[in-house]
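Trainee: Please find the sequence and the predicted model below.
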Amino acid sequence: MPSFFLAVLILGLPLNLLSLWVFFHRLRRWSRSTVFLFNLTLADTSWLLALPYLINYHLDHLYWKLGLTFCAAVRMFYHNYFYLSIFFVTLISVDRYLAIVHPLRSLVLLGRRQTCLLCVAVWVAALILSIPVATMTLIQTCPGSNRTVCTLYILLSETGESLPYSLFCSLIGFLFPLLSICYCGLHSVRELRHRSCRPDPHNKQRRLRRVLSAVLVLFALFYLPYHLSRNAAIVMRVVYPDNPASWHNADLAFALEMCFCSIITCVNPLFSCFIGGQFRKEFHGTFAVIFSHCPGTQVASMISKRTRMRTKQGMSTVSPVCALPAPRSQ
């Protein structure tokens, strides 16, 4: 886990910091999708900044030295991030649905003020949803040693509170958003297919259909196994309360899913590039400027320029400008 989290931190933090820089310094006009994508990136960056504490905790052989308050805050923030990500991805899907299926109504339902208030409501709702994590987090001392463990509520032997809470979060924080994304995505794709008879020289409709389908697939791929393994780990404690050895496989599956779900912090910046056209242009431009100063990239940039020039020349020879007819000789 610490090696995996460290790799995610090294890859995800520069991508998200670069995305925040693009949001603040390169984008002048913010649409609804831009506001939702910014909040999603902000949630990713906040979680990545808190990740070093978990990495240090695991590298120190699960020896927590920062006290119960900070332990509860880290555990609550870790739990809070997943639902922030889920809610903002859901809002992006709803926004795309309204823009495609109900373009005029969306201007009334989601103005600039309503969009900002909705983002604030999501942050508050996710925080309230994660408060029970702090109350169930414990500092336990290992028998025979002085080592203190920052216990995750899912791994507690007492399941009277953890199982109902986990099922409630799975229902409110995952199942309802998943159904919303399915509904919005399927209706948006169907609407775009009805428009397929219209001319689309740049294949924007086809690209948008692929993006909406990819959102649904990635959402289910990342979060469905996580919630299944989390509930399974708690259920095993309910079914076999006196046999801790039987919990091992479920706990291992949940630990692997925690690692796998952390990859979403690296995927979301790419997701922002696919959703926001202007963001994609600015992100690619900023990325190219950064790497243009690296050694060995000047040759590649010269090659790409020559390729573009040849492409333009080739296009001009394929479709020449029609010349005026030559004057007849007298």
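Mentor: Received, thanks.

Trainee: Tell me which other helices or strands the helix or strand hosting residue 217 touches.
Mentor: Under the criterion of DSSP states H and E, residue 217 resides in helix 204-239. Judged by 3 or more CB pairs under 8 Å, 6 or more residues apart in numbering; DSSP states H and E, the packing partners of helix 204-239 are helix 67-101, helix 162-170, helix 176-194, helix 248-261, helix 264-275. Bear in mind the C-beta positions are built from the backbone N, C-alpha and C, glycine included.

Trainee: could those helices go into JSON lines alongside distance to residue 151, mean neighbour count and mean pLDDT?
Mentor: Below are the helices and strands packed on helix 204-239 laid out as JSON lines (distance: least, CB to CB, whole Å; neighbours: other CB atoms under 10 Å; pLDDT from 0 to 100):
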{"stretch": "helix 67-101", "distance to residue 151": "8", "mean neighbour count": "21", "mean pLDDT": "87"}
{"stretch": "helix 162-170", "distance to residue 151": "11", "mean neighbour count": "17", "mean pLDDT": "91"}
{"stretch": "helix 176-194", "distance to residue 151": "28", "mean neighbour count": "16", "mean pLDDT": "84"}
{"stretch": "helix 248-261", "distance to residue 151": "13", "mean neighbour count": "17", "mean pLDDT": "89"}
{"stretch": "helix 264-275", "distance to residue 151": "24", "mean neighbour count": "21", "mean pLDDT": "72"}
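
Trainee: Those helices: which one's closest to residue 147?
Mentor: Nearest of the helices and strands packed on helix 204-239 to residue 147, taken as CB to CB: helix 67-101 at 13.6 Å.

Trainee: which residues touch the helix or strand just after that closest one?
Mentor: Sequence order places helix 103-109 as the next helix or strand after helix 67-101, per DSSP H and E. Helix 103-109 is contacted from outside by 32, 95, 98-99, using CB atoms under 8 Å, 6 or more residues apart in numbering.

Trainee: how much distance is there from helix 103-109 to the middle of the chain?
Mentor: 26 Å (CA atoms, centre = their mean, to the nearest Å).

Trainee: so can I have a markdown table of the contacts of helix 103-109 showing distance to residue 235?
Mentor: Shown next, in a markdown table, are those (distance: CB to CB, whole Å):
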| residue | distance to residue 235 |
| --- | --- |
| 32 | 40 |
| 95 | 36 |
| 98 | 38 |
| 99 | 41 |
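
Trainee: just to revisit the earlier point, can the helices and strands packed on helix 204-239 go into CSV with extra columns for distance to residue 216?
Mentor: Listed next are the helices and strands packed on helix 204-239 as CSV, based on distance: least, CB to CB, whole Å:
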stretch, distance to residue 216
helix 67-101, 8
helix 162-170, 18
helix 176-194, 5
helix 248-261, 17
helix 264-275, 12
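
Trainee: Compare those and give me the one nearest residue 123.
Mentor: Proximity to residue 123 (CB to CB) singles out helix 67-101 among the helices and strands packed on helix 204-239, at 7.0 Å.

Trainee: And the closest one, what does it pack against?
Mentor: Under the contact definition 3+ CB pairs under 8 Å, 6+ apart, helix 67-101 sits against helix 32-59, helix 103-109, helix 112-136, strand 138-141, strand 148-151, helix 176-194, helix 204-239, helix 264-275.

Trainee: Out of these, the one nearest residue 76 is which?
Mentor: Between those, helix 112-136 lies closest to residue 76; by CB to CB that is 4.5 Å.

Trainee: Would you indicate which residues of the closest one are buried?
Mentor: Applying a neighbour-count criterion of 16 or more other CB atoms under 10 Å, the buried positions in helix 112-136 are 115, 118-119, 122-123, 126, 129-130, 132-134, 136.

Trainee: Show me which positions of stretch 16-34 end up buried.
Mentor: Using 16+ other CB under 10 Å as the test for burial, stretch 16-34 gives 16, 18-20, 22-23, 27, 30-34.

Trainee: ends of it, how far apart?
Mentor: 14 Å (CA to CA, to the nearest Å).

Trainee: what do you get for stretch 160-175?
Mentor: For stretch 160-175, the end-to-end distance is 22 Å (CA to CA).

Trainee: With adjacent residues omitted, what lies nearest to the residue nearest to the spatial centre of the chain?
Mentor: Most central in the chain under CA atoms, centre = their mean is residue 268, positioned 3.7 Å from the mean C-alpha point. Closest residue in space to residue 268, ignoring its immediate chain neighbours: residue 44 at 5.3 Å, by CB to CB, 6 or more residues apart in numbering.
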